[in-house]
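Enquirer: any chance you can model this:
(chains A and B, ligands or ions: 2)
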Amino acid sequence: MAKDKDVNMKCNSNDERLVDAEAGLVDRTVFTDQKIFEREITEVFGKSWLFVGHESQIPNSDDFFLSQAGRDAVVVTRDSDGEVQVLLNVCTHRGMPVCRYDQGNAKMFTCPYHGWTFSNKGDLTGLPLAKEGYCDRLDRKQWGLVKARVTCYYGSIWATFNDEVLPFEETLGDMTLMLRDFLQGPDGEDDGLEVVDGILKFEIHSNWKLGAENSAGDLYHDVSHNSVQRVGIALSGLRGRHAWNADKHTFKTLNVAYPEGGHAARVNLYDDEQREYHSQWSQIPEVDDYFREAHDARQKRLGEKGRLLNRGGIVFPSIAYNSANRWQITLAVPRSPGRTEMWKWYFVPKKAPQEVKDALRHYLLRYGGPSGMVEQDDIENWASAQVGAQSLAAQHLPMNYMLHMGEAKWAWPVPWLGEGAYVDEGVSEHAQRVFYQRWSEMMGHPVRSRGQEESK
Amino acid sequence: MNQDTTSAAERVGDTVNSEYIMLKEKIEHFFAYEGELLDERNFDAWLELFAEDARYWMPLARNVKHNDTEAEYTREQSDAAWFDEDKKTLLQRVMQLKGGDHWAEEPFSRTTHIITNIRIQSRSETDVTVKSRFIVYVNRREEEVRLFVGKRIDVLRITDHGFLVQKRSIFLDQSKLLFKNLTTFF
Ligand code: FES
Ligand SMILES: [Fe+2]
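Expert: Residues are numbered from 1 along each chain as shown, chains lettered A, B, ... in the order given. Ligands and ions are numbered 1, 2, ... in the order given. The predicted model follows:
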C-alpha cells in the first residue's frame, strides 16, 4: 500500500488538520472517533439551525408531533394561540421525556414520573405538592420546558437551542434561493407543499456525514443506481428514475455550494429561459396536465430564474432535501460515530388534485427510504463506506475527494445564484470539499482561506 | 389495526369443522410454498401467485395514546407507508433484484420466511380472508442479520387453479425500522 508522503495527513502535518479541502483529503477518523463525534454534537449541531418539521403537520391548535434537533428529542406544538413552539422533550424535574406519543393533540404534557405538568407553550403549570412540598417557593417561571428559538420559513420549521446563532436567513445566505425554491409548489408559489402523513424512521450503520456529503452533490455515483435506471420507475414512459429525464431541452448540471454556511445544491440550468413543457408523466395524462399548467405558471412567475431545476441538496449540516417531483426532506439524527437514524418527510403540492398527490406519493415511496428502489443502494453504500473508515491498515490514507479539483468559480455562470455561490459544472466533488471545509471551521480546526481551488 | 368481526363461538374454535380444517390446510400449504419460492429466490414464480389487481401494503407504525389506536398505523391509500404496491410495481422490484446490479441485494441475502398462527377470518364463494403472523430472518453477506416480526392479513382469491393473493396487508411490529433496508418481500 502506498505510503505517499503527500497524502499522509495527521502523521506528518504540522497543524493536526483532519480536513485539507484544498487538496481534497479527509482523515478517516472523522467518521469513527468518539471524541470527534461528541465535539460535533456541540460545535456543529449545537450551533446550527435544524429542520424539525412542517407546519402542515400541526394544522390545528394543540396539535403536536415528536421530532429531533440533532441528538435532542423535541416536541413541536402549535400552542393555543396558534404559535409554533419547539420544546425540549426533557422534564425539568428529573429528565423524563414529557411526551411519549409520536403525534396527537394535547393542551398539556404531564410527566409520568412525579406529575409535573407543562402547557404546550412549555410553561410549568401543574406542580404536585406545590404548597405542602415546595412551600410555594418554587419559581415556576424558571422551571418550564427548555424552549428552542424557532423560525418558520415558507411552511418549514427550524429550531436551535443556541442564543448566539445568527438569525435563520442569515445562516442560509444565498442558499435562501434554493430552499425557497424547494418549498414552493411546482407552480412557483411560496409555501406550496404539504406533508404526507407519516415520518419514515430508520437506522443506518454509518456516520451521519456520509449521507450528508452524498446529498450535497455526489453526481459521481451513478453506477450505484444502475438497477433502477434499467427498470425505470418514473411515469414518463422512459427508462430511468427521474420524471425530468423526459424534458428534451438542453441544460448544464451545476454543483452550487455556499461555503459561508456550508450549504449546497445540485441543479439543472436550462439553456432556454421560456421553455415549453415536455410531457414528463405521459402514463397518467391527468397528472401531466397538472404539471403542464404548473410549469407555465412557474415560468411566468419566476422569469429568468425559471431556468433553474433544483434537484436537491443540503442545508448544513444534515438536512438533505430532494426536489424535482420527489419532494422530501431527510434528516440525519446522529447517535454515535457509526450509527445514524434517518427521518424522512415526504411532501406533495398542497393545491394539486388528489390524483396528482396519489401519483406523487406512490413515486416517492418507490424512490426513497429503506424500501425505495433508488435509496436502498445509497444506504448500502454508506454502511459499506463506514467499514472502510474503520480500517486500521488504511488509517494513514485519507479519504479521497479530488474529483474535478480547481474548476469551481464564484457565482458563475449566472449572477442571480448569489455572490456566495461557488459553482462547479458536471461531475465534481466540489460540494463535498466545501462541506468538509465548513465542518472543519465549525469544529475549530485550522483551515486555509476559502476558494483556493478556484482556477486562475 | 382492524376490527375483529368474529363471534364468540368462532373465537373459542366452536365453528372449526372438517370443512374449515381442509381449507386451512390448503392455505397453510399455499403460504409454505410461497415462502419457499421467496427463500429460493424464484421471484418470477412467486409473483405468479398474485392476482392482476393485487395490492401489497405495509403501513408505518406509530406510538399513540391508548385511546387513539386508530392512528397507530398510517392510512391506506393516503399516507406514507413502507410499501404501497400493485402487481406492476412488484414486477419492477423483481426485475431490479434479478439484474445482478442491485447492490443492496447483490449478492442475495439468505432468507427464511416462517408463516404461522393461521386463522381464517371469513370466506365467501370467491375469496377467503386469512390472518397470520410472520417471522422473516435475513442474513446478508457475513454478519448482517435482520429479523422482521409482525402480522399479516391476506385476502386470497379462490380460483380453479388454486389461490391468488388479491390483497396483502403487512403490519410490522416496529415503529422505527431498526434495520437499514427492506429489500425482502413479506
Ligand atoms: S421527572 Fe418529571 S416530574 Fe419528576
Ligand atoms: Fe444516490
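Enquirer: any idea how far the one residue in chain A that gets nearest to chain B lies from A:Ala320?
Expert: Relative to chain B, the nearest point of chain A is A:Gly198 (3.4 Å; CB to the nearest CB). Bear in mind the C-beta positions are built from the backbone N, C-alpha and C, glycine included. From A:Gly198 across to A:Ala320, the span is 18 Å (CB to CB, to the nearest Å).
Enquirer: strands of the stretch 51-200 of chain A, start to end?
Expert: A:63-69, A:72-78, A:84-88, A:103-105, A:108-110, A:117-119, A:124-126, A:149-153, A:156-160, A:193-195, A:200-204 (DSSP state E, counting those that start in this stretch).
Enquirer: chain B against chain A: which residues are in contact?
Expert: For chain B, the contact set with chain A under CB under 8 Å from any CB of the partner chain comprises B:58-60, B:62-65, B:68, B:71, B:74-75, B:77-85, B:89, B:92-93, B:95-96, B:99, B:101-105, B:175-183.
Enquirer: which of those residues count as buried?
Expert: Using 16 or more other CB atoms under 10 Å in any protein chain shown as the burial test, the residues of chain B next to chain A include B:58-60, B:62, B:64, B:71, B:74, B:79-85, B:89, B:92-93, B:95-96, B:101-105, B:175-177, B:179-183 as buried.
Enquirer: continuing past the helix or strand hosting A:Arg266, what's the next helix or strand?
Expert: Take DSSP states H and E as the rule and A:Arg266 turns out to sit in strand A:263-270. Using DSSP H and E, the next helix or strand after strand A:263-270 towards the C-terminus is helix A:285-302.
Enquirer: helices or strands up against that next one?
Expert: Under the contact criterion of 3 or more CB pairs under 8 Å, 6 or more residues apart in numbering or on different chains; DSSP states H and E, helix A:285-302 touches helix A:354-367.
Enquirer: still on that earlier bit, how many residues are close by the residue of chain A closest to chain B?
Expert: Neighbour count for A:Gly198, taken as other CB atoms under 10 Å in any protein chain shown: 23.
Enquirer: and if you look at the one 3 residues further on?
Expert: By the criterion of other CB under 10 Å, A:Lys201 has 22 neighbours.
Enquirer: in contact with it, which residues?
Expert: Neighbouring residues of A:Lys201 by CB atoms under 8 Å, 6 or more residues apart in numbering or on different chains: A:341-344, B:175-177.
Enquirer: from chain B, which residue is nearest to chain A?
Expert: Counting by CB to the nearest CB, chain B gets nearest chain A through B:Ala80, at 3.4 Å.
Enquirer: quick check: phi and psi at A:Glu22.
Expert: phi -70, psi -40 (degrees, to the nearest 10).
Enquirer: so does the lengthiest strand in chain A get close to chain B?
Expert: Assignment by DSSP state E gives strand A:339-349 as the longest strand of chain A. Yes. Under the criterion of CB under 8 Å from any CB, chain B is reached by strand A:339-349 at A:341, A:346.
Enquirer: export the strands of the stretch 51-200 of chain A to TSV and tack on mean pLDDT?
Expert: Shown next, in TSV, are the strands of the stretch 51-200 of chain A (pLDDT from 0 to 100):
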stretch	mean pLDDT
strand A:63-69	98
strand A:72-78	98
strand A:84-88	98
strand A:103-105	96
strand A:108-110	98
strand A:117-119	98
strand A:124-126	98
strand A:149-153	98
strand A:156-160	98
strand A:193-195	98
strand A:200-204	98
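Enquirer: just give the closest residue to A:Arg149, not the sequence neighbours.
Expert: Excluding its sequence neighbours, the residue lying closest to A:Arg149 (CB to CB, 6 or more residues apart in numbering or on different chains) is A:Thr160, at 5.3 Å.
Enquirer: contacting residues for that neighbour?
Expert: Applying CB under 8 Å, 6+ apart, the residues contacting A:Thr160 are A:47-50, A:69, A:148-149.
Enquirer: repeat that with 10 Å
Expert: By CB atoms under 10 Å, 6 or more residues apart in numbering or on different chains, the residues touching A:Thr160 are A:45-50, A:52, A:69-70, A:86, A:148-151, A:166, A:168, A:171.
Enquirer: returning to what we had before: mind checking which of the residues of chain B next to chain A are in helices?
Expert: Assigned to helices by DSSP state H, the following of the residues of chain B next to chain A qualify: B:89, B:92-93, B:95-96.
Enquirer: nearest to B:Phe148, of these?
Expert: Taking CB to CB as the measure, B:Phe148 sits nearest to B:Arg93 out of these, at 16.4 Å.
Enquirer: so what's the closest one up against?
Expert: B:Arg93 neighbours (CB under 10 Å, 6+ apart): A:228, A:231, A:233, A:366, A:371, A:373, B:43, B:47, B:56, B:83, B:85, B:102, B:183, B:185.
Enquirer: state the number of residues packed around the nearest residue to A:His205 once chain neighbours are set aside.
Expert: In this structure, A:His205 finds its nearest non-sequential neighbour in A:Ala383, 4.9 Å apart by CB to CB, 6+ apart. Residues contacting A:Ala383 under the criterion other CB under 10 Å number 19.
Enquirer: next one: phi and psi at A:Ala383?
Expert: As for A:Ala383, its main-chain torsions (degrees, to the nearest 10) stand at phi -60, psi -40.
Enquirer: show me the shaky parts of the chain.
Expert: Just so you know, I chose chain A. Within chain A, the segments meeting pLDDT under 70 span A:1-16, A:412, A:446-456.
Enquirer: wait, chain B was what I had in mind.
Expert: Applying pLDDT under 70 to chain B flags the ranges B:1-6.
Enquirer: any idea how far ligand 1 is from the closest residue to A:Lys350 other than its chain neighbours?
Expert: Nearest non-adjacent residue to A:Lys350, counting by CB to CB, 6+ apart: A:Glu194, 4.5 Å away. Plainly put, A:Glu194 is 35 Å away from ligand 1 if you go by CB to the nearest ligand atom, to the nearest Å.
Enquirer: in this structure A:Glu194 contacts A:Leu360, no?
Expert: No. Applying CB atoms under 10 Å, one finds A:Glu194 not in contact with A:Leu360, separated by 11.2 Å.
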